[in-house]
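**Q** would you be able to build a 3D model of this:
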Amino acid sequence: MTQAREPESAALIEAAKLAREFAIAPFSRFQVGAALRTEGGGTFSGCNIENATYGLTVCAERVALWKALSEGAHSFTEIAIITNTHDLTPPCGACRQLLWEFCGDIRVVLANLEGRSETLTLGELFPRAFDVKNLGDKR
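**A** I've put the predicted structure just below:
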């Protein structure tokens, strides 16, 4: 775990912060922004989007990932996630699973609006992840 101080990480945090402003969170009031960097240096951002059924709510991390994948990006290096909480907020289990499957062991920068940040790897957040290797010869 390290502080996220690299200029690239700072720019990614800013992109996530901007995305957070578009969050639709009328029920939880918990706004999240995420920004995902491609190997080529591109950035895809997303915010959480809630709805009345709750179960169809989508996290910011998944919005950013789906935007990237739907536009042809497939190689990623880092994701920044920002919330307005004192304690830094990691991705939920569903987001960890999807990030692992589509991004691998990327850097994950957790940040808040107070200026605190921490960088981990997805493997640190999601040890012994389930992926295609667990399917054996069934594919």
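
**Q** quick one: secondary structure of the residue most central in space within the chain?
**A** Nearest residue to the geometric centre of the chain (CA atoms, centre = their mean): Glu61, 3.5 Å. Assigned with DSSP: H, G, I helix; E, B strand; the rest coil, Glu61 falls in the helix class.

**Q** look at the residue nearest to it when sequence neighbours are not counted and say how many residues are nearby.
**A** In space, and not counting its chain neighbours, Glu61 is closest to Cys95: 4.1 Å by CB to CB, 6 or more residues apart in numbering. Every residue, glycine included, has its C-beta placed from N, CA and C. By the measure other CB atoms under 10 Å, the count of residues near Cys95 is 24.

**Q** the longest helix seen in the chain packs against which elements?
**A** Secondary structure of the chain read by DSSP state H shows that its longest helix is helix 7-20. Other helices and strands packing on helix 7-20, by 3 or more CB pairs under 8 Å, 6 or more residues apart in numbering; DSSP states H and E, are strand 32-38, strand 43-47, helix 60-70, strand 76-83, strand 107-112, strand 117-121.

**Q** against Gln31, how distant is Gly46?
**A** Applying CB to CB, to the nearest Å, the value for Gly46 to Gln31 is 12 Å.

**Q** report how many residues lie close to the closest residue to Gly42 other than its chain neighbours.
**A** Leaving aside its chain neighbours, Gly42 sits nearest to Ala73 (6.4 Å; criterion: CB to CB, 6+ apart). Using other CB under 10 Å, Ala73 is surrounded by 19 other residues.

**Q** for Ala73, which residues are in contact?
**A** Contacts for Ala73 were tallied using CB atoms under 8 Å, 6 or more residues apart in numbering; they are Thr38, Gly40, Gly42, Phe44.

**Q** where does pLDDT dip in this structure?
**A** With pLDDT under 70 as the threshold, the chain has low-confidence stretches at 1-5, 138-139.

**Q** tally of neighbours for the closest residue to Ala64 other than its chain neighbours?
**A** Among residues not flanking Ala64 along the chain, Gly46 sits closest, at 3.5 Å (CB to CB, 6+ apart). Around Gly46 sit 27 other residues, with neighbours defined as other CB under 10 Å.
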